[in-house]
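Novice: Quick one, what's the 3D model for this:
(one chain, ligands or ions: 1)
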Amino acid sequence: MVRCSAPGKIILFGEHAVVYGEPAVAIAIDKRFRCEMSFTHGDVTTINGMVFDPEKQNYLDRAMVKLGIDESLEIYTSTELMSGAGIGSSAAVTVASLGCLFGLKGDVDKGTIAKTAFEVEYEVQGGASPIDTSTSTQGGCVVISSSKGPGYLWGVSKRGTTWNIHESDIPKLKLVLGNTGVHSPTGKLVGKIRQFYKRSDYAKDIVQEMGVLVQKGHQALKDEDLEGVGRLMDQNQRLLSCLGASHPKLDALIDAAREHSYGAKLTGVGGGGVMIALTDEPEETSKAIEGAGGKAYILSSTKRGLSFE
Ligand code: PMV
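Specialist: Prediction:
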């Protein structure tokens, strides 16, 4: 039997632009997906006592196909991560499931798991960057860039784009997450923005501008310049809005949070889902978010990525 867990993540800078090879910065959060798997002598694979449904469990199904698992499995799962919100639930499911599957085969290398998890997400969502899956695997702060630098972990390539994955040491941040409650599947909005990007120079310029902003944001994080980080978060939000990734409910929560924050922006796919605010006043920020109709959570980051338990 193998039991493991993987964390969700939030993107501090660079969502959407990272799909086209621009840099991004993400941190793992202290909310996890857990799973346990063992081979069984039964004829069917079960999950939490029910017959496994490949349509419903598409990430897990794809992971089993990728690893050529044709034996029946007994699987148990539990999660602290809401899905379709932008906090990396599908990445955590994929990474922890692959952790168990590779574990059953007796072969657990984090780089291989992260790369396979990216392939699974890419196939299920019809396009993705490795930011979610690498952050969930590694934990802590993960930076993606087109060139290799200090803290290099592994590289991932797909269709002419190479993403170099790095770990980075940044200070602990006080962040509040605000959930709009609007479900926003990643694949759908990534696909829509891809169409915009393909046919518009304006969209390409925005994406490039985001890349420059992400590098400044990472530097401000390393310098512990929270005012600078907040200002860049606000700018990142404006660019994301221009790309079509925001939503009126996100805008309302972001506006409300800003009064008590260094800065605020959507995080993850957008189009609904969640926003984050960087603040020294998490209680006041939470109240402001709830006052604007959102559900607020004070977040802690975690250094713990994929873990065998
Ligand atoms: O909403 P999430 O957690 O699936 O994050 C998506 C981040 C994007 O940049 C929009 C897509 C990607 O795969 O990088």
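Novice: Just list whatever residues bridge to residue 265.
Specialist: Taking DSSP bridges as the rule, residue 265 bridges to residue 276.
Novice: list the contacts for the residue in the stretch 201-309 of the chain that the ligand sits nearest to?
Specialist: Nearest to the ligand, among the residues of the stretch 201-309 of the chain, is residue 268, at 2.9 Å (Cβ to the nearest ligand atom). Glycine gets a C-beta too; all of them are placed from N, C-alpha and C. Residues near residue 268 by Cβ atoms under 8 Å, 6 or more residues apart in numbering: 10-11, 15, 85-88, 186, 274.
Novice: most surrounded residue in the residues you listed?
Specialist: Neighbour counts for these, by other Cβ atoms under 10 Å, peak at residue 88, which reaches 32 neighbours.
Novice: shouldn't that residue be in contact with residue 8?
Specialist: Yes. The pair residue 88 / residue 8 is scored as a contact, 4.3 Å apart, by Cβ atoms under 8 Å.
Novice: Overlap in contacts, those two.
Specialist: In contact with both residue 88 and residue 8: 81, 136, using Cβ under 8 Å, 6+ apart.
Novice: Return the residues in contact with residue 76.
Specialist: When contacts are counted by Cβ under 8 Å, 6+ apart, residue 76 touches 35-37, 47-48.
Novice: Which of the three states applies to it?
Specialist: Three-state call for residue 76 (DSSP: H, G, I helix; E, B strand; the rest coil): strand.
Novice: The one 10 residues further on now?
Specialist: State at residue 86, reduced to three classes by three-state DSSP: coil.
Novice: what about dumping the CA coordinates of the lengthiest helix in the chain to PDB?
Specialist: Across the chain, the longest stretch assigned as helix under DSSP state H is helix 201-222. Extracted in PDB, the C-alpha atoms of helix 201-222 (Å, rounded to 0.1, in the frame of the first residue of the first chain):
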ATOM      1  CA  ASP A 201      -0.700  41.300 -31.500                       C
ATOM      2  CA  TYR A 202      -2.300  43.300 -28.700                       C
ATOM      3  CA  ALA A 203      -2.700  40.000 -26.700                       C
ATOM      4  CA  LYS A 204       0.900  39.000 -27.500                       C
ATOM      5  CA  ASP A 205       2.100  42.400 -26.200                       C
ATOM      6  CA  ILE A 206       0.200  42.000 -22.900                       C
ATOM      7  CA  VAL A 207       1.700  38.500 -22.400                       C
ATOM      8  CA  GLN A 208       5.200  39.900 -23.000                       C
ATOM      9  CA  GLU A 209       4.600  42.800 -20.600                       C
ATOM     10  CA  MET A 210       3.500  40.300 -18.000                       C
ATOM     11  CA  GLY A 211       6.800  38.400 -18.400                       C
ATOM     12  CA  VAL A 212       8.700  41.600 -17.600                       C
ATOM     13  CA  LEU A 213       6.500  42.300 -14.600                       C
ATOM     14  CA  VAL A 214       6.900  38.800 -13.200                       C
ATOM     15  CA  GLN A 215      10.700  39.200 -13.100                       C
ATOM     16  CA  LYS A 216      10.300  42.500 -11.200                       C
ATOM     17  CA  GLY A 217       7.800  40.800  -8.900                       C
ATOM     18  CA  HIS A 218      10.200  37.900  -8.100                       C
ATOM     19  CA  GLN A 219      13.000  40.400  -7.400                       C
ATOM     20  CA  ALA A 220      10.700  42.500  -5.100                       C
ATOM     21  CA  LEU A 221       9.700  39.200  -3.300                       C
ATOM     22  CA  LYS A 222      13.400  38.300  -2.700                       C
END
